[in-house]
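Asker: here is a sequence together with a model predicted from it:
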Amino acid sequence: MAEASGELSLDRILADREKRNGTVVSVDEPEVKLVVVALGEEWFAVPGDLVREVLPDCPVFYLPGCPASMDGVINVRGDIETVIDLRGLLGIAPPADRGRRILLCEAGGMRSGVRVDAVEEVMDVPQSRIQAPPQTVPESRRAVVTGIMSYRDRVVTVLGLGRMFEAYRAGLG
Amino acid sequence: MALDVKRFIARFVEESRDHLRRLDEGLTVLAGNPADGETVNALFRSAHTVKGSARMLKLMAIADLAHRTEDILGALRDGVLLFDGDLRRLLQRAVDAVAAQVEAVAEGREPAAAGPDLIAALGEVLQPGPGAGSPAGETPSAPASGGDTAAPAAALPEPAPAAATAEPPSVETPEIRLKSSETVRVPLVRLDELIRLMGEVVSSHARLRQRLVDIRQIGRRMTDGPAVPQITGFIRDLRDDVSIQERLMEELHAKALVMRMLPLAVVLDPAARLIRDLGRSLDKDVDCVVTGTEIELDRQLIDGLGDPILHILRNAVDHGIESPDQRIAAGKPRHGTIRIEARQDGGWVVIGIADDGRGLAIADIRDKALRKGLITAAQAGAMSESELIDLIFAPGFSTSSIITEISGRGVGMDVVKRTIVDEMQGVISIDTEPGRGTTFMLRLPLSLAVMRVLLVSAGGESFGFTGQYVAQLIEVPAGRLLLAAGREAVVLDNEFVPVVPLASLLGLQDQGKRRETVLLVVVSVRNGKLALAVDDLLDERDMVIKPLPAHLRHLPLVAGMVMDGRNRLISILHTPALLSLAARARDGAVRVASDETALKGAHILVVDDSLNTREIEKDVLEAHGYVVTLAEDGRDGLAKAQSEAFDAILTDVEMPHMDGFSLTAALRQDERYRDTPIIIVTSRQKEEDKRRGIEVGADAYIVKGDFDQNSLVDTLHSLLG
């Protein structure tokens, strides 16, 4: 909520300035593109520059011996891509039915599909709107959460996809 | 040693044309910018290369002219000469003359020597001086080289009009006609792209085939109606079109693949040369004989083959071949011989690398593996000779006790094996005989772009096997499966082969339809076999194998994937990994079994040339508390029996080196084994064989076909008292 008032005050300052000087000062605040996705009851955001493509649900093929956190592989125009289920990695209960979207991401030296329930929004937000992860982040997520942000009255957890993929790749040996 | 010039001529012509083109272009560049040092350097290198290649092929006329051109370019590079219009024209003349000579070679003629006035002019530039006005014979080497080339030229059927007559120098008046080249040089990336696309076309054709199957089914369901004859006609036409298309496409694909094929000579010839040099540097006399180098493989394989072959050859020279003194002392010829023999075997190429050195010291291998902790003492005792030999492929194993400069530098045989087996989908095996030498056999596909694939279904999923691992497809009545140490096995050609349902091996739900017959895919990796029970055979054809994403390359079970007619991805199982998975599962099972039974502790020697049979007999016996040592043929068995005391011996009949009858007879000669129980376990069921077995002194004769673990154990139990 502190953030919301901060935003308000920024607007007010700008409005005040405009009144005083009659010109708009453009503020060069760095922005980040985020893809906000739903996984169960929670919303997460991944950096948009790492998302290559959002694929509709497509048949996932069995791959013997693949890790439990991997659904299998999909056929993306003739190329084989893996599909990772984030639920396992983030400690979210398995869903009643499978997620309907696959984000094809490239990060940490690896390229893979990531299954989500739905894509809620793709947006540019000022860097300052993302706050440091609070102390209450569960241990299992601490390594992969890079920040939180509020959006449409919900808490959105920002995931460090690069770090996540790197750890994943290391885990595969 | 005579150099087979013909093989290299085509390459020389191609390469020289390329350099001559560069020389032409470079001279034009220099005309615009005479101070361009880079270009002068490049020109110098081109002339130098042409000279060197020509000299190697004894094309002295070309070598001479190219040499003179190189000298001038060298002077230009060093700043001794300055580039001007005259020099440019002279160089261009020289380049054109070389080009004419090269074209003569291309047409199968001996190149004529350059005209004396050109030679003189070239010499003059470098030695400007008083004699500048009189051209003939200024440079001392000119007439000599002219003489050099005149002789071979005259020896050819085509009368050489050149140097001897001197008047109209033929090279100076080349026929004016634009020659179209017979070869085109294509950058590899383009070729790779073409072959990849061809692969996609072949893959996508599977979809077309699937459409045909679909429409046929629809057609069958349509029994009446006005459209039926039309549909039937359409199906017929489609079937014909699909099959024509398929034929054309397969031909096109095969032709495309051939474009990327290179002869084995590219790898083997330089390797052989290197090995001879290496032998000399180690004061060993090594001859290297290479055959079958004309066999062509996909460049992808040729590229990957260099390092493993070199490593095997280095090992052969370093560890295999003895020093001349040792060889003479052993009654061998002074010089060692390494034979590299390549031959084609169906869709495979087999490369044998054989040395006539000391052979692998198996005891040393075992000790080393023990020292390095690769195996335990108990494992070492139970291992057969070939299993011990296989230890050299274990990571972290290097046989050299001193790290020499030649081999034993960390990258070991494990890398060789990984390259051959994992990257090239090949098979590697070793055969060694003490004092006689070692042979490495590599079995490789001709191309990795398409492979023969067998598709099966098991546990509700589809899987593929690459052809080289499939030994047999067989359907047997469920009653023919034997139970040994709690697991199923089947007898195939005098061998016990363990039977495992593929679904349960992969941790899938076994569909569990108990059927009258069991469908078995028998896979074999070197000497190990495994019969995988599957639900159905789906397809068998040449398919393009797609690699897994890089982060999954370490997934041991899957070698790649193929796409079927419905765009589904199907895993190609990595057969060696399946075998080790099955072996691990078995080890667990055996341990449980042996806990349940009281240890009797009697020590049994099992002699059989089939790895699977040995293992299964061992499992059965160990499950009943016996201690088991394995031997892989009669000779090995006899040696082990003589060095250690056994309470009973189980032996097969047909084995290399020494069969079971001879082994039994030999053991009976030995005081210690006069009364030891000997049981013959064989697939020979003729009465005369049984009689012979009893004659040589066996106590019991068990036919594998009727094998029943209880009868074996009961027999053993009663014989041991």
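Answerer: Right, received. Where do you want to start? Numbers count the residues shown, from 1 in each chain, chains lettered A, B, ... in the order given.

Asker: now do B:Leu20: how many residues are near it, please.
Answerer: Close neighbours of B:Leu20, defined as other CB atoms under 10 Å in any protein chain shown, add up to 20. (Glycine included, C-beta is placed from N, CA and C.)

Asker: got phi/psi on it?
Answerer: Per-residue torsions, B:Leu20: phi -70, psi -40 (degrees, to the nearest 10).

Asker: correct me if wrong: it contacts B:Ala99.
Answerer: Yes - assessed by CB atoms under 8 Å, B:Leu20 is found in contact with B:Ala99 at 4.9 Å.

Asker: which residue comes closest to the residue in the stretch 51-200 of chain B that chain A sits nearest to once chain neighbours are left out?
Answerer: Residue nearest to chain A within the stretch 51-200 of chain B (CB to the nearest CB): B:Glu200, separated by 6.0 Å. Among residues not flanking B:Glu200 along the chain, A:Gly78 sits closest, at 6.0 Å (CB to CB, 6 or more residues apart in numbering or on different chains).

Asker: how near is the one you found to B:Glu695?
Answerer: To B:Glu695, A:Gly78 is 67 Å away according to CB to CB, to the nearest Å.

Asker: the residue of the stretch 51-200 of chain B closest to chain A - that's part of a helix, no?
Answerer: Yes - per DSSP: H, G, I helix; E, B strand; the rest coil, B:Glu200 lies within a helix segment.

Asker: can you find the helix or strand of chain B with the lowest average pLDDT?
Answerer: helix B:141-155 (a mean of 40; mean pLDDT, DSSP states H and E).

Asker: show me which residues of chain A sit near chain B.
Answerer: A:59, A:61-66, A:73-75, A:78-82, A:110-112, A:168-169, A:172-173 (CB under 8 Å from any CB of the partner chain).

Asker: just the buried ones from the residues you listed?
Answerer: Among these, those classed as buried by 16 or more other CB atoms under 10 Å in any protein chain shown are A:61-66, A:73-75, A:80-82, A:110-112, A:168-169.

Asker: check which residues of stretch A:75-94 are buried.
Answerer: Using 16+ other CB under 10 Å as the test for burial, stretch A:75-94 gives A:75-76, A:80-87, A:89-90, A:92.

Asker: ok, residues contacting the host helix or strand of B:Glu103?
Answerer: Here B:Glu103 sits within helix B:85-106, counting by DSSP states H and E. Contact with helix B:85-106 is made by B:9, B:12-13, B:16-17, B:20, B:23-24, B:27, B:30-31, B:50, B:59, B:61-62, B:65-66, B:68-69, B:72-73, B:76, B:81, B:110-112, B:114-115, B:118, B:121-122, B:125, B:170-172, B:174, B:179, as judged by CB atoms under 8 Å, 6 or more residues apart in numbering or on different chains.

Asker: is the most centrally placed residue in chain B in a helix, a strand, or coil?
Answerer: With distances taken as CA atoms, centre = their mean, the residue of chain B nearest its centroid is B:Leu444 (3.8 Å). Counting by three-state DSSP, the backbone at B:Leu444 sits in strand.

Asker: chain neighbours aside, what residue packs nearest to it?
Answerer: Nearest one to B:Leu444, counting by CB to CB, 6+ apart, is B:Gly426 at 4.1 Å.

Asker: do B:Trp348 as well
Answerer: Nearest to B:Trp348 is B:Arg443, by CB to CB, 6+ apart, at 5.5 Å.

Asker: circling back: surely the residue nearest to the centre of chain B and B:Val421 touch.
Answerer: No - taking contacts as CB under 8 Å, B:Leu444 lies outside contact range of B:Val421: 10.2 Å.

Asker: from the residues of chain A next to chain B, which land in strands?
Answerer: A:Val73, A:Ile74, A:Asn75, A:Asp79, A:Ile80, A:Glu81, A:Thr82, A:Met110, A:Arg111, A:Ser112 (DSSP state E).

Asker: run through the bridge partners of B:Val523.
Answerer: B:Val470, B:Leu530 (DSSP bridges).

Asker: correct me if wrong: it contacts B:Leu473.
Answerer: No - using CB under 8 Å, B:Val523 is not in contact with B:Leu473; the gap is 10.3 Å.

Asker: can you classify B:Ile340 as helix, strand or coil?
Answerer: Criterion first, three-state DSSP; result for B:Ile340: strand.

Asker: wait, what's in contact with it?
Answerer: B:Ile340 neighbours (CB under 8 Å, 6+ apart): B:Leu268, B:Ala271, B:Ala272, B:Cys288, B:Val289, B:Val290, B:Thr291, B:Ile309, B:Leu313, B:Ile351, B:Gly352, B:Ile353.

Asker: buried ones among the residues you listed?
Answerer: Here, 16+ other CB under 10 Å leaves B:Leu268, B:Ala271, B:Ala272, B:Cys288, B:Val290, B:Ile309, B:Leu313, B:Ile351, B:Gly352, B:Ile353 buried among the contacts of B:Ile340.

Asker: quick one: B:Ile430 is in a helix?
Answerer: No - membership of B:Ile430 in a helix is not supported by three-state DSSP, which gives strand.

Asker: residues near the closest residue to B:Pro477 other than its chain neighbours, how many?
Answerer: Among residues not flanking B:Pro477 along the chain, B:Thr517 sits closest, at 5.5 Å (CB to CB, 6+ apart). The number of residues packed near B:Thr517 is 12, by other CB under 10 Å.

Asker: from memory B:Thr517 sits against B:Val476, does it?
Answerer: Yes - the pair B:Thr517 and B:Val476 qualifies as a contact (CB under 8 Å) at a distance of 6.4 Å.

Asker: re earlier: thought the residue nearest to B:Leu444 was touching B:Ile420?
Answerer: Yes - shown here, B:Gly426 and B:Ile420 form a contact pair, counting by CB under 8 Å, at 4.5 Å.

Asker: so what sits against both of the two?
Answerer: B:Leu442, B:Leu444.

Asker: count of residues packed around the nearest residue to B:Val544 once chain neighbours are set aside?
Answerer: Closest residue in space to B:Val544, ignoring its immediate chain neighbours: B:Gly199 at 3.9 Å, by CB to CB, 6+ apart. Counted with other CB under 10 Å, residues neighbouring B:Gly199 total 20.
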